[in-house]
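Visitor: Curious how this folds, go ahead:
(one chain, ligands or ions: 2)
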Amino acid sequence: MSDCNLNGTDTLSHFDLTYFIGTTHHTITNNFSMCYYMLCVIVTILAISIYCLFYIPCSWTKKVYDGYNLDITVGRKWNALAKRDAINRIRKLRKIGAKELPPPYPNGWYSILESSDLKMGEAKSIFALGEHLVAYRTRERNVYVLDAYCPHMGANLGVGGRVIDDQIECPFHQWRFRGSDGKCVNIPYATGVCQGSKLRTWLVREVNDNIFLWYHANPAETPWSLPVIKEIENEEFVFHGRNEFFVNCHIQEIPENGADLAHFKAIHEKSILAGGINSVTSRWKGPGSHHWQAEWKPCESPYKHVARVTLKHSIEMTSKLHIFEMDVTGEQIGPAYVQLHMKSATFGRIKVLQTITPVEPLIQKVVHRFYSQRILAPITKLVFLGESVMFERDMIMWNHKAFRKHPQLVKEDSAIKLFRSWYLQFYSENSKTFSEASENLDW
Ligand code: FES
Ligand SMILES: [Fe+2]
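Guide: Ligands and ions are numbered 1, 2, ... in the order given. Below is the predicted model of the structure:
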């Protein structure tokens, strides 16, 4: 019996041990699998994050109705109809003081599209500077811009128009127009072409990933050349993101900001953590205030269409610790284009391009595009965030302010006076006035 018991115990012990070893092995294998699984998940998340950080550009957009107090404009109900209502109310409000406004479309180069938005063989309808245009890109990558409405029956060539070689074909009855001179070169159902049938052509240049259009009240006027940023052109610097704002003001207010030296402390001093839209009333008392030293100067002939703003920036963490020190040179090239060159001993060089396109007299589409070497992607994205927040602070001012033809300035505001006389060169006697430009808009 005892043998039996003993044997039985032995058998049981052996079974227990095998079971124990089996279970332990199973648990270890399970734990190992679990650890391995977790590690894979962590590595994958890390790899995706690093990929996104270095390879996916950022985007930040604000529409014209953003940055308004919704309770005042249309109440809390915020649907498509309410948005349209808000835009119309904003437009009407901004008519106040319209007599003081300079012409809404100064002479110069305007970005009408970013290069990546127009693919080969694609045609797009554009509404800018109060004009309806069609832009298209041929297989040879050339870009042409023409008036959008067909002289035949008025179809919009930007909506369904086909690109054939260097021509664009109207979607309605297939008349074809040549990009270089706008002439009608083919009517498929007629024996000849309609003599004199022609679309207006616009001068375009594609540089720094933008398609610029020359807009001048005097079309014969020779355009100045647009500088090419070699680091963008030779792809040493890559694109890290863009922001886009629709601002409700006259175009001149935006570049004037660079010459308004007193506003840097008032508007841009608080840390970006205080936010953009409500920064002035924000209770943020933490560290991280921005320090700016600014100077604004017009350039001499033959670059009199250029002005330069130089900025020294740093972020104060404590009275003794300043970080993010950088020198910024902003080249204002004509009325609507800025190239910002940022340089820091700590992190290197970043380029930012600002383009302003008046959609209509008091609605400006403002885009900033950010470039640097790939390795600087994380820092460039921080700059992107900071700049987007800072720009929102200006936007709130512009959206609500009145344009002062004769502002009351003190001697410390002298750069504003200088800016105003410099900017006058972009208006001609025959520039469209505000009321002429507003005639066809649906007020
Ligand atoms: S409307 Fe363009 S071809 Fe007829
Ligand atoms: Fe500003």
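
Visitor: OK, contacts around the residue of the stretch 101-250 of the chain found nearest ligand 2?
Guide: At 11.9 Å from ligand 2, V247 is the closest residue in the stretch 101-250 of the chain, using CB to the ion. Just so you know, the C-beta spots here come from the backbone N, C-alpha and C atoms, and that holds for glycine as well. By CB atoms under 8 Å, 6 or more residues apart in numbering, V247 lies in contact with V64, I254, I363, Q364, V366, M395, W398, N399.

Visitor: Name the SS class of the residue nearest to it when sequence neighbours are not counted, please.
Guide: Residue nearest to V247 in three dimensions, not counting chain neighbours: Q364, with 4.6 Å by CB to CB, 6 or more residues apart in numbering. Under DSSP: H, G, I helix; E, B strand; the rest coil, Q364 falls in the strand class.

Visitor: List phi and psi for G108.
Guide: phi 160, psi -170 (degrees, to the nearest 10).

Visitor: who touches the residue nearest to it when sequence neighbours are not counted in this structure?
Guide: In space, and not counting its chain neighbours, G108 is closest to G334: 3.4 Å by CB to CB, 6+ apart. Contacts for G334 (CB under 8 Å, 6+ apart) come out as P106, N107, G108, W109, W224, H305, V306, F426.

Visitor: With I126 instead?
Guide: Residues in contact with I126 (CB under 8 Å, 6+ apart) are I112, L113, H132, L133, V134, A135, V145, A148, G158.

Visitor: Apply 10 Å and report the result again.
Guide: By CB atoms under 10 Å, 6 or more residues apart in numbering, the contact set of I126 is 112-113, 117-118, 132-135, 145, 148, 158, 211, 213, 357, 359.

Visitor: and it, how far is that from I254?
Guide: 20 Å (CB to CB, to the nearest Å).

Visitor: on that earlier part again, just the buried ones out of the contacts of V247, please.
Guide: Buried members of the contacts of V247, scored by 16 or more other CB atoms under 10 Å, are V64, I254, I363, Q364, V366, M395, W398, N399.

Visitor: give me the element the residue nearest to E244 when sequence neighbours are not counted is part of.
Guide: Closest residue in space to E244, ignoring its immediate chain neighbours: T61 at 4.4 Å, by CB to CB, 6+ apart. Taking DSSP states H and E as the definition, one finds T61 inside strand 58-62.

Visitor: in its sheet, what does that strand sit against?
Guide: Strand 58-62 has its sheet partners listed here by DSSP bridges as strand 238-247 (parallel).

Visitor: can I get the CA coordinates of the strand it pairs with in PDB?
Guide: Output of strand 238-247 as PDB, limited to C-alpha atoms (Å, rounded to 0.1, in the frame of the first residue of the first chain):
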ATOM      1  CA  VAL A 238      12.900  70.300 -47.900                       C
ATOM      2  CA  PHE A 239       9.400  71.400 -47.300                       C
ATOM      3  CA  HIS A 240       8.200  70.900 -43.700                       C
ATOM      4  CA  GLY A 241       4.700  72.400 -43.700                       C
ATOM      5  CA  ARG A 242       2.400  75.300 -44.500                       C
ATOM      6  CA  ASN A 243      -0.100  77.400 -42.800                       C
ATOM      7  CA  GLU A 244      -3.000  79.200 -44.500                       C
ATOM      8  CA  PHE A 245      -5.000  82.100 -43.200                       C
ATOM      9  CA  PHE A 246      -7.900  84.100 -44.700                       C
ATOM     10  CA  VAL A 247      -7.500  87.600 -43.200                       C
END
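
Visitor: Can you give the distance of stretch 431-440 from its chain's centre?
Guide: Put simply, stretch 431-440 sits 26 Å off its chain's centre (CA atoms, centre = their mean, to the nearest Å).

Visitor: number of nearby residues for F370?
Guide: By other CB atoms under 10 Å, the residues close to F370 number 27.

Visitor: And the strands in the stretch 201-350 of the chain?
Guide: With strands called from DSSP state E, counting those that start in this stretch, the stretch 201-350 of the chain shows them at 201-202, 204-207, 210-215, 238-247, 289-298, 306-316, 322-333, 337-344, 348-360.

Visitor: Of the ones you listed, which stretch is the most buried?
Guide: For the strands of the stretch 201-350 of the chain, average neighbour numbers computed from mean count of other CB atoms under 10 Å are highest in strand 210-215, which has a mean of 23.
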